[in-house]
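Student: Fold the stuff below for me.
(chains A and B)
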Amino acid sequence: AQKITQTQPGMFVQEKEAVTLDCTYDTSDQSYGLFWYKQPSSGEMIFLIYQGSYDEQNATEGRYSLNFQKARKSANLVISASQLGDSAMYFCAMRETSLTSYDKVIFGPGTSLSVIP
Amino acid sequence: DTEVTQTPKHLVMGMTNKKSLKCEQHMGHRAMYWYKQKAKKPPELMFVYSYEKLSINESVPSRFSPECPNSSLLNLHLHALQPEDSALYLCASRRTGDSGELFFGEGSRLTVL
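Tutor: Numbers count the residues shown, from 1 in each chain, chains lettered A, B, ... in the order given. So this is what the prediction gives:
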């Protein structure tokens, strides 16, 4: 069964500093995808970045990068140069791409990030 | 602007009412999702439709009834709900392919009195 752990319920970061949000996952599948989403207080879920299990390079999207360590089953999100607008809940998510659970996307418990001016 | 549109944005209903939540997307995505989210909790998967067929039902009580009339529309019919069903209901769609991320609507905030 899939499982995602985010061990940091809340994090603080100074504006313009970098921050790492932790995510570990558990799956028996060899093929899967990992995602990070941001949810501001307005409630909308915003896709940030994707990493496939067979991707050899870490994904990057602007100020977001994913530190993927497959052997450790971790997929940490790094946000560089934090901005006040980065204050939000951040969810790590996973989709196994095996035939039996191809559509299933589950979310970790989330980390609340607060950016301090 | 979100490309997944959910209506209504807010809904208040009594335990004996019947209501429906609606979700629409025109991105050509063939997988559509319903999630339930309580405050300060992650989205919890309820149903998935793939090519207009129900592919996942996460043991959701029968008072929630999904429907996918066509590839662009997804409904969630609500009947005899309980106060603990009050939550944000999120619809999402996903393009085919392994790297397809979910595109979410803004959600329907449901209050059951």
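Student: Could you give the number of residues near the nearest residue to residue A:31 once chain neighbours are set aside?
Tutor: Counting by C-beta to C-beta, 6 or more residues apart in numbering or on different chains, residue A:31 lies nearest to residue A:97, which is 4.4 Å off, once chain neighbours are set aside. Glycine gets a C-beta too; all of them are placed from N, C-alpha and C. Summarising burial for residue A:97: neighbours were counted as other C-beta atoms under 10 Å in any protein chain shown, giving 19.
Student: What score does residue A:97 have for pLDDT?
Tutor: Note for residue A:97: predicted pLDDT of 73.
Student: Show the contacting residues for it.
Tutor: By C-beta atoms under 8 Å, 6 or more residues apart in numbering or on different chains, residue A:97 lies in contact with A:29, A:31, A:32, A:33, B:98.
Student: Of those residues, keep whichever come out buried.
Tutor: Neighbour counting with 16 or more other C-beta atoms under 10 Å in any protein chain shown marks A:32, A:33 as buried within the contacts of residue A:97.
Student: Tell me which of the contacts of residue A:97 has the lowest pLDDT.
Tutor: Among these, residue B:98 has the lowest pLDDT, at 66.
Student: I'd like the distance between residue B:62 and residue B:79.
Tutor: 9 Å (C-beta to C-beta, to the nearest Å).
Student: More neighbours: which of those two?
Tutor: Per other C-beta under 10 Å, whichever of residue B:62 and residue B:79 has more neighbours is residue B:79, with 15 against 7.
Student: so what's the more buried one up against?
Tutor: B:17, B:18, B:63, B:65.
Student: which SSE is the nearest residue to residue B:78 once chain neighbours are set aside in?
Tutor: Closest residue to residue B:78 apart from its sequence neighbours, by C-beta to C-beta, 6+ apart: residue B:19 at 4.9 Å. Assigned by DSSP states H and E, residue B:19 falls within strand B:18-25.
Student: Buried residues, that strand. List them.
Tutor: Result for strand B:18-25 [16+ other C-beta under 10 Å]: buried residues B:19, B:21, B:22, B:23, B:24, B:25.
Student: you'd agree the first one is up against residue B:10?
Tutor: The reference is to residue B:19. No: taking contacts as C-beta atoms under 8 Å, residue B:19 lies outside contact range of residue B:10: 11.7 Å.
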